[in-house]
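**Q** Following is a predicted model, sequence given first.
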There are 2 protein chains.
Amino acid sequence: MLTNMPDLSHGADAAAVNALRSAIMRIGRRLKHQRVDESLSPTEMSVLGTLARCGSATPGELARKEHVQPPSMTRIVALLEAKGLVRLEPHPEDRRQKVVSQTETAEAMLEESRRKRNAWLAQLAEGLDADEWEKLRAAAPVLEKLAHLQ
Amino acid sequence: MLTNMPDLSHGADAAAVNALRSAIMRIGRRLKHQRVDESLSPTEMSVLGTLARCGSATPGELARKEHVQPPSMTRIVALLEAKGLVRLEPHPEDRRQKVVSQTETAEAMLEESRRKRNAWLAQLAEGLDADEWEKLRAAAPVLEKLAHLQ
DNA sequence: TCAGGGTAATGAGTTATGCTAACGAACATG
DNA sequence: CATGTTCGTTAGCATAACTCATTACCCTGA
């Protein structure tokens, strides 16, 4: 434990942290249900997302990023390849490894998925008034920064 | 589709919605990994959370709330009962139904779980400056309202 | 140069967690 | 009281994760 009172350094309080955690987990769970393709498991979808963010990666890197064991990633990558969503190429420097990258099909599917979830979230946000939305809008870039920290 | 341009009603824009969605999903995923008890599956944990929010419920109600089929909930409740985390009592008005409620053990475990996730999030928030945190703090109640909409 | 240890991916088998179908008990209604 | 409906459960199955073991390849040191 690096810090046992982590909420005092910039005026944060436990209540706000608690509200944030609870709300993020709830909304996140509901967002997860807004799937565009029922034939892809959440992990497969997540791998595609990781590939979209990081470009290409080896199966081992993907396994570490997704908190999944290497054999699981082998199978997931094989399934994605069979569906035409990723491409496998030999590693240029290490013949043990492979390089996984997403296809244009996967890019289109991801975009569609983002679109659907955005639409759902935007519709949910209809229930907010202008002032509340303004606060959310101001916090959006901060949440993005938070998501990319560490 | 009730509205095909849901982002114009209160000045919302697509970029903010997109940033919110992306950040919420990423932080939500990382929060999910901060588990206090590895022996409980995510769904079991979720059921305990639902019980904490709603007091007690019948297996059928729990199945609907968790988007799970009744037979799955039967098994989940049985596992939770075997672990001493929930209690089953006969329904006072309908002898077909049962009433599930959480034990003190479960309440303590949930509190510990919230504490751990809050600590993780608070530590992550260390990377923000005072202004950024203030924006997040202002948005926290709005996110909570959003999470409970509909 | 080649022998050994270490790492990457994979194969095989197991476990966990969801589903559907089918059933019995309890309610509700004609 | 007869019949249909609802609730929980049981049985059987599908999927997707895990662990353990294996193969192929890299790299270092004698």
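**A** Perfect, I can see it now.

**Q** Tell me the helices and strands packed up against the helix or strand containing A:Leu51.
**A** Using DSSP states H and E, A:Leu51 maps to helix A:42-54. With contacts defined as 3 or more C-beta pairs under 8 Å, 6 or more residues apart in numbering or on different chains; DSSP states H and E, helix A:42-54 has these neighbours: helix A:59-65, helix A:70-82, strand A:86-90, strand A:98-102, helix A:104-124. The way it works is simple: take the backbone N, C-alpha and C, and place the C-beta from them, glycine included.

**Q** rerun that using 7 Å as the cut-off
**A** Applying 3 or more C-beta pairs under 7 Å, 6 or more residues apart in numbering or on different chains; DSSP states H and E, one finds that helix A:42-54 contacts helix A:59-65, helix A:70-82, strand A:98-102, helix A:104-124.

**Q** is it true that A:Glu38 lies in a strand?
**A** No: secondary structure of A:Glu38 (DSSP: H, G, I helix; E, B strand; the rest coil): coil, not part of a strand.

**Q** Check the burial of it by counting its neighbours.
**A** Residues within reach of A:Glu38, counting by other C-beta atoms under 10 Å in any protein chain shown, total 6.

**Q** What of the one 3 residues further on?
**A** Burial of A:Ser41 is recorded as 12 neighbouring residues (other C-beta under 10 Å).

**Q** again with the one 10 residues further on
**A** For A:Leu51, the tally of surrounding residues (other C-beta under 10 Å) stands at 23.

**Q** related to what we said a few turns ago, over the helix holding A:Leu51, what's the mean pLDDT, rounded is fine.
**A** Helix A:42-54 comes out with an average pLDDT of 88.

**Q** same question, stretch A:98-109
**A** 93.

**Q** how far does it stretch from start to finish?
**A** 23 Å (C-alpha to C-alpha, to the nearest Å).

**Q** Check whether that stretch comes near DNA strand D.
**A** No: counting by C-beta under 7 Å from any atom of the strand, DNA strand D is not contacted by stretch A:98-109; separation bottoms out at 10.8 Å.

**Q** How about residues contacting that stretch?
**A** Here stretch A:98-109 makes contact (C-beta atoms under 7 Å, 6 or more residues apart in numbering or on different chains) with A:36-37, A:48, A:51-52, A:56-59, A:62, A:77, A:84-91.

**Q** Mean neighbour count added to the helices and strands packed on helix A:42-54, as JSON lines?
**A** Output for those, formatted as JSON lines (neighbours: other C-beta atoms under 10 Å in any protein chain shown):
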{"stretch": "helix A:59-65", "mean neighbour count": "18"}
{"stretch": "helix A:70-82", "mean neighbour count": "16"}
{"stretch": "strand A:98-102", "mean neighbour count": "18"}
{"stretch": "helix A:104-124", "mean neighbour count": "17"}
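
**Q** Brilliant, that's me finished.
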